[in-house]
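*Asks:* show me the folded form of this:
(one chain, ligands or ions: 1)
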Amino acid sequence: MGLGLLLLIGLGTLIFWLYRINKEYYVLAFFAKRVRTKDGRPLNSIAPVAEGSTIFGNSFDLYGRNESEVFSDMRVRAKKMGRSYIEYAMGTSIYCIIDADTIDVVLNDQNLITKGLVYEFLHPALHTGLLTSTGQKWHSRRKMLTPTFHFNILGQFADIFKAESLKFVQQFEGKAEASISLSELIPRFTLNSICETAMGIKLDDMAAKGDRYRHSFSMIEKIFIKRMSNPIYWNDHLYNLFGSSEDKRFLKEVHDFSSEIIAKRRKLLEEAEKEKQSSQEADDDIYINKKQRFAMLDTLIFAEKDGLIDHAGICEEVDTLMFEGFDTTSIGLIFGLMNMSLHQDKQELCYQEISEHIADDFSNLDLNQISKLKYLECFVKETVRLFPSVPIMSRETVKETELANGLILPPGAQIVMHIYEIHRNPKYWSSPLEFQPERFLPENSKDRHTYAYIPFSAGQRNCIGQKFAMLEMKTLLIVILKKFNVLPLVDPKDFVFNTGITLRCKNNIKVKLVRRS
Ligand code: HEM
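*Replies:* Okay, the predicted model is just below:
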């Protein structure tokens, strides 16, 4: 009797305690600390809370969903909520931003440079390179790598993009027309380009390894989704115990590939150094000698000599640059060529402009001439608006953070920025689903919200490779358009998109190239 009473009091106290702390913590979402407002306004007046699919808040909303379902579920939710909203899942509060109004505060906050929880799922592949690191490590790596994207160096890379683009069209030499799978051919082009520019290594004798590298990275992306959609796997220990048995071989393939590239470049640099010493050539700039091109990897190898980075650090930056540098531009090019095929009138405008400024033998295809192609620039921008290679990015608060809109995010909160949604938000874009490069003409974009278009992010953690990417994408488009008319073979209405680290489409995207007479 006494024990029963004691248990009853205990239970009552526990329920009362849970009820009390539920104001501060979303108890059923595994004690996620709640988001508050600065002046005590109802949370809903700034950001509504999304209803979860179970009593555990949003913890299991994505459970068991495959890549395409995760993508479509997120789209449906954004549409239903209509404005940036809050979720509570597995002990974490999540602020999902789908409009541009608050994004500038996040992207320009000096304290919000730590990437979100899901980037940790990339650590086995990329460790903590430029994309995934934070704090002092990120600052010093960013400082180290920024000069390698300097305008003068891009000029050298333009020659490589031109050579690789000519090699790309040579595949169709002697053919009046060719139906091609962009999904297969373009990633090979972009991987070759990043290896030669950033790493200073031609992939010619490593082509098969390059194909395996790309396959392994696509498997690593599947692992990423597996972890994202199952909250049990958010925890590294549980994932390593129950979910990671398959991962090792894909990680090994990727790391072996990058290690081989580093070893090859080290050897080339040593040989160049010996040659330089024997020819007694004075050379005090960043180029090894006048004959040899500079590669981004050289900066890292020289920094190692100065004790600023070690071999493991070089590996993580090479893995990061390779991954960020080939996959993202590949998506931009696939959708760019698809858009050329679907919008013949816009393709013609690009072609006319290219014919006016670029010689038939491509002898003047350089940074200066490319900068004159204003319509092509609008075309690429519009492609990247509708199909942003990085559709989502996120940050984590390291301490309680007050945003300009009056929200107070607790430490450890996730801020998920839905670039894909912002780029299609009718608040900023009229007829957002229509392909209209003209919207990027200066007279049409001057009144647009600055943060309505953020394919390369913004603020201090923006994309370091933005100019590099635009140059690479434009160069291949110029070379293809000069030689071929691009005709459609697919209908985007049939497309099924997948969530990934980058934007993924289940369909094989094809076009027909017809040689211009
Ligand atoms: C169409 C092409 C590209 C797009 C749309 C793109 C987009 C982005 C975005 C949105 C971010 C921010 C990610 C985040 O905050 O989580 C980013 C970061 C980054 N990008 Fe790109 N990117 C592209 C091409 C490239 C290329 C070609 C390279 C390298 C050669 C590159 C290297 C990086 C790196 C290293 C970061 C991390 C920067 C940092 O945190 O300091 N990207 N990119």
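
*Asks:* tell me the residues on the stretch 1-150 of the chain that lie near the ligand, please.
*Replies:* Within the stretch 1-150 of the chain, the positions adjacent to the ligand are Lys115, Leu130, Leu131, Arg142 by CB under 6 Å from any ligand atom. Yep, even glycine has a C-beta here, placed from its N, CA and C like the rest.

*Asks:* out of the residues you listed, which are buried?
*Replies:* Buried subset of those (neighbour count, 16 or more other CB atoms under 10 Å): Lys115, Leu130, Leu131.

*Asks:* what residue ranges in the stretch 201-350 of the chain are flagged as low confidence?
*Replies:* Under the criterion pLDDT under 70, the flagged ranges of the stretch 201-350 of the chain are 280-292.

*Asks:* contact residues of it facing the ligand?
*Replies:* The stretch 201-350 of the chain comes close to the ligand at residues Thr320, Leu321, Glu324, Gly325, Thr328, Thr329, Gly332, as judged by CB under 6 Å from any ligand atom.

*Asks:* ok, how many other residues are close to the residue nearest to Lys512 when sequence neighbours are not counted?
*Replies:* Nearest-residue entry for Lys512: Leu487, 4.2 Å, with adjacent residues in sequence omitted and distances by CB to CB, 6 or more residues apart in numbering. Using other CB atoms under 10 Å, Leu487 is surrounded by 16 other residues.

*Asks:* after the strand or helix carrying Leu487, which helix or strand is next?
*Replies:* Assignment of secondary structure by DSSP states H and E places Leu487 within strand 484-488. Tracing the chain past strand 484-488, the next element assigned as helix or strand by DSSP H and E is strand 497-498.

*Asks:* which secondary structure elements does that next one sit against?
*Replies:* When contacts are defined as 3 or more CB pairs under 8 Å, 6 or more residues apart in numbering; DSSP states H and E, strand 497-498 sits against helix 67-81, strand 504-505.

*Asks:* relative to the ligand, how far out is Tyr351?
*Replies:* Applying CB to the nearest ligand atom, to the nearest Å, the value for Tyr351 to the ligand is 22 Å.

*Asks:* which SSE is that residue in?
*Replies:* Short version, using DSSP H and E: Tyr351 is in helix 344-357.

*Asks:* so which bits of that helix are buried?
*Replies:* Result for helix 344-357 [16+ other CB under 10 Å]: buried residues Lys346, Gln347, Leu349, Cys350, Tyr351, Glu353, Ile354, His357.

*Asks:* what's the offset of stretch 352-362 from the middle of its chain?
*Replies:* Its chain's C-alpha centre lies 31 Å from the corresponding centre of stretch 352-362 when counted by CA atoms, centre = their mean, to the nearest Å.

*Asks:* ok, the residue nearest to Arg142 when sequence neighbours are not counted - contacts?
*Replies:* Counting by CB to CB, 6+ apart, Arg142 lies nearest to Leu130, which is 6.4 Å off, once chain neighbours are set aside. Contacts for Leu130 (CB atoms under 8 Å, 6 or more residues apart in numbering) come out as Trp138, Arg141, Arg142, Leu145, Glu317, Thr320, Leu321, Ile464.

*Asks:* widest-spaced pair of those?
*Replies:* The most widely separated members of those, counting by CB to CB, are Trp138 and Leu321 (14.5 Å).

*Asks:* looking at these two, which one has more neighbours?
*Replies:* When Trp138 and Leu321 are compared for neighbours, Leu321 comes out ahead with 27 against 20, by other CB under 10 Å.

*Asks:* output the below-cut-off pLDDT ranges for the protein.
*Replies:* Ranges of the chain meeting pLDDT under 70: 1, 280-292.

*Asks:* quick check on whichever residue of it sits closest to the ligand: phi, psi?
*Replies:* For the chain, the residue closest to the ligand is Gly465, as judged by CB to the nearest ligand atom, at 2.3 Å. Note on Gly465: its backbone torsions stand at phi -100, psi 20 [degrees, to the nearest 10].

*Asks:* how many residues are close by it?
*Replies:* Gly465 - counted by other CB under 10 Å - has 23 other residues nearby.

*Asks:* quick one: it and Gly325 touch, right?
*Replies:* Yes: with contact defined as CB atoms under 8 Å, Gly465 reaches Gly325; the gap is 5.9 Å.
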